[in-house]
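Enquirer: Structure for this input, please:
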Amino acid sequence: MRICLPTMGDGGLTEKVHNHFGSAGFFTIYDTESKEVQIIDNNNQHHTHGACQPLKALDGYDVDIVLTSGMGQRAVSLMNEGGIRVYLLEGETVEEAVKKLEAGQLRELTLENACGGHGCH
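Expert: Numbering: from 1, shown residues only. Next up is the predicted model:
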């Protein structure tokens, strides 16, 4: 399983997670089977609100799950249509968040509980 998290930098498993998926400077992808880490520079981090293109940023990276502190309904819908499940992020680092996901402690983000406007993440 390949998990993608928005991160502050490119420090791998010890890197701090970013609180907003679309405006993170980097995306860290962790493969739970191979234990490999891949870092993606987010070239779309300065988009206007509502213009995030998360699938475009992850195109070609074969991601199964995205962890995020919050995401709008449109972005969640696009992720789900692309076969990516979205979970609410908990933890301060990539490693902490991945451990919580693997332990079944994270809640899936759906259209019903996604952000519908400003101020929710």
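Enquirer: So for the helix or strand hosting Ile29, mean pLDDT?
Expert: Following DSSP states H and E, one finds Ile29 within strand 26-31. The pLDDT scores in strand 26-31 average 96.
Enquirer: What spatial separation is found between Thr93 and Gly11?
Expert: According to Cβ to Cβ, to the nearest Å, Thr93 and Gly11 sit 9 Å apart. Every C-beta, even on glycine, is put in place using the N, C-alpha and C of the backbone.
Enquirer: Counting neighbours, go ahead and name the busier of those two.
Expert: The neighbour comparison of Thr93 against Gly11 (other Cβ atoms under 10 Å) goes to Thr93, with 19 against 15.
Enquirer: what's that one in contact with, if anything?
Expert: Counting by Cβ atoms under 8 Å, 6 or more residues apart in numbering, Thr93 touches Leu13, Thr14, Glu15, Lys16, Val17.
Enquirer: Show me the helices in the protein, by range?
Expert: 54-58, 73-81, 94-102 (DSSP state H).
Enquirer: Next one, pLDDT for the residue located most distally from the centre of the chain please.
Expert: In the chain, Ser34 marks the outermost C-alpha relative to the chain mean, sitting 19.3 Å out by Cα atoms, centre = their mean. Confidence at Ser34, expressed as pLDDT, is 97.
Enquirer: what's the spacing between it and Pro6?
Expert: 21 Å.
Enquirer: these two touch, right, Ser77 and Leu111?
Expert: Yes - between Ser77 and Leu111 there is a contact under Cβ atoms under 8 Å: 6.2 Å.
Enquirer: Can you list the low-confidence ranges for the protein?
Expert: 44-55, 115-121 (pLDDT under 70).
Enquirer: What is the burial count for Ser69?
Expert: 17.
Enquirer: ignore the last one, Gly12
Expert: 15.
Enquirer: re the thing from before, the residue farthest from the centre of the chain and Val94: what is the separation?
Expert: 15 Å.
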